[in-house]
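K.L.:
Return atomic coordinates for the entry below.
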Amino acid sequence: MDTSAHLESVVAQTKTFAEWVQGQDPATRVPTCPKWSLAELVGHVGGTQRMVATLVGQRLTDPSAALAAMDTGPADPAGWRAWLTGTAAAAADAFGSVDDSTPVWDPSGGDSGVPFWARRLFGEITVHRADAAGALGEHYDVSPDHAAATIDDWLETMTSPGYAQARPEFVDAIRDTGRVLHFHATDSAHEWLVRRTPDLVVLERAHAEADATVRGPAAELLLVLTRRRPLDAARNLDLYGDRASLDHWIEHMDWVAG
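P.N.:
Residues are numbered from 1 along each chain as shown. Next up, the predicted model:
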């Protein structure tokens with residue numbers, strides 16, 4: 001997916017998310033983000049979109065002004081739909097004034113901030129739409145290619161130098177002597193290898209022998225890898241090899257989990 005496709009999906013998925021949460025009880029708990037209420041989930045989704053709109057629209061290489069501009073939206077859930085559709089539209093509009101080479105702060109440690117943030121907003125709403133569905137009893141649906149693109153975003157971000165610098169405790173917990181995890185989407189042309197080296201977590205998009213392999217539909221892989229569904233509750237996923245290695249990985253995937 002390119003920047004334009006990511007943003008189109010952000011707007012469409014946020015519209016669905018906004019319809020689901022509109023007028024709902026702000027205190028509703030979010031089972032897949034157990035520390036969060038529905039109000040906190042809504043505030044996180046819209047606030048992140050608003051922050052990225054400021055960051056990209058103003059072409060900021062220092063994030064402090066954008067982070068200061070974050071807000072959590074209206075307290076009255078009757079205003080959530082309008083606020084959320086507005087934050088998504090503002091984010092999409094901001095990208096219209098830049099191209100993929102425009103300098104913008106890139107927390108991954110790279111120098112491609114514009115495509116990074118388009119991809120991140122896409123991954124954010126895809127996963128948090130699952131959170132809202134679980135909290136409100138809505139049906140969650142995501143195409144295989146969109147699920148695979150979200151997995152790609154998740155793993156790319158997790159294995160980036162910027163994430164390692166921001167979350168050294170994650171790297172300390174995950175570092176290993178070279179054990180390999182393999183994730184294989186059977187309904188999309190995507191595979192990922194995660195190598196746990198003594199220094200870094202290395203991502204490859206390839207097929208190879210691994211200590212643990214999980215194989216199945218991309219949507220199910222997404223929900224398991226983002227800790228939105230326990231492995232034992234997943235449908236049509238097959239695990240080969242060392243389950244303990246996989247469990248250890250998932251146990252430490254607490255980013256954006258609330």
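K.L.:
Spell out which residues make up each domain of this protein.
P.N.:
Under the assignment automatic domain parsing, the domains of the chain span 3-141, 146-251.
K.L.:
hey, where'd the strands end up in the stretch 101-250 of the chain?
P.N.:
Secondary structure of the stretch 101-250 of the chain (DSSP state E, counting those that start in this stretch): strands located at 179-185, 190-196, 201-204, 212-216, 238-241.
K.L.:
lowest-confidence stretch among those strands?
P.N.:
Of all the strands of the stretch 101-250 of the chain, mean pLDDT reaches its minimum on strand 201-204 (a mean of 90).
K.L.:
distance of L231 from R243?
P.N.:
8 Å (Cβ to Cβ, to the nearest Å). Every residue, glycine included, has its C-beta placed from N, CA and C.
K.L.:
what about the two, which has more around it?
P.N.:
Higher neighbour count among L231 and R243: L231, with 16 against 12, using other Cβ atoms under 10 Å.
K.L.:
For stretch 126-140, which outside residues touch it?
P.N.:
Contact with stretch 126-140 is made by 9, 13, 16-17, 20-21, 24, 28-33, 36, 38, 41, 44-45, 142, 146-147, 150, 154, 222-223, 226, 228, 256, 258, as judged by Cβ atoms under 8 Å, 6 or more residues apart in numbering.
K.L.:
switch the cut-off to 7 Å
P.N.:
Here stretch 126-140 makes contact (Cβ atoms under 7 Å, 6 or more residues apart in numbering) with 13, 16-17, 20-21, 24, 28-33, 38, 41, 45, 142, 146, 150, 223, 226, 228, 256.
K.L.:
same deal with stretch 198-207?
P.N.:
With Cβ under 7 Å, 6+ apart, stretch 198-207 has contacts from 155-156, 158-159, 164, 171, 174-175, 177, 191-195.
K.L.:
wait, which of those residues is closest to E209?
P.N.:
For the contacts of stretch 198-207, the closest approach to E209 (Cβ to Cβ) belongs to L193, at 9.6 Å.
K.L.:
hang on, the earlier thing: comparing the domains of the chain, which yields the minimum mean pLDDT?
P.N.:
Mean pLDDT is lowest for domain 146-251 among the domains of the chain, at a mean of 92.
K.L.:
Check the separation of the first and last residues in that one.
P.N.:
Distance between the two ends of domain 146-251: 24 Å, counting by Cα to Cα, to the nearest Å.
K.L.:
hey, where'd the helices end up in this protein?
P.N.:
Ranges of helices in the chain, per DSSP state H, are 3-21, 38-57, 64-68, 80-95, 113-136, 144-158, 161-166, 168-174, 218-225, 243-251.
K.L.:
hey, C-alpha coordinates of stretch 55-68 in CSV?
P.N.:
C-alpha atoms of stretch 55-68 as CSV (Å, rounded to 0.1, in the frame of the first residue of the first chain):
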residue,chain,number,x,y,z
LEU,A,55,3.2,17.2,12.5
VAL,A,56,2.8,16.6,8.8
GLY,A,57,0.9,19.7,7.9
GLN,A,58,3.5,22.0,9.5
ARG,A,59,6.4,19.8,8.3
LEU,A,60,7.8,19.5,11.8
THR,A,61,11.2,17.8,12.4
ASP,A,62,10.8,18.4,16.1
PRO,A,63,7.7,16.7,17.5
SER,A,64,7.2,18.8,20.6
ALA,A,65,4.7,21.3,19.1
ALA,A,66,2.6,18.5,17.6
LEU,A,67,2.6,16.5,20.8
ALA,A,68,1.5,19.7,22.7
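K.L.:
Would you indicate which residues of it are buried?
P.N.:
Buried positions in stretch 55-68, judged by neighbour count with 16 or more other Cβ atoms under 10 Å: L55, V56, G57, L60, P63, A66.
K.L.:
so how far is R119 from the residue lying closest to S160 once chain neighbours are set aside?
P.N.:
The spatially closest residue to S160, leaving aside those adjacent along the chain, is S108, at 3.8 Å (Cβ to Cβ, 6 or more residues apart in numbering). Plainly put, S108 is 10 Å away from R119 if you go by Cβ to Cβ.
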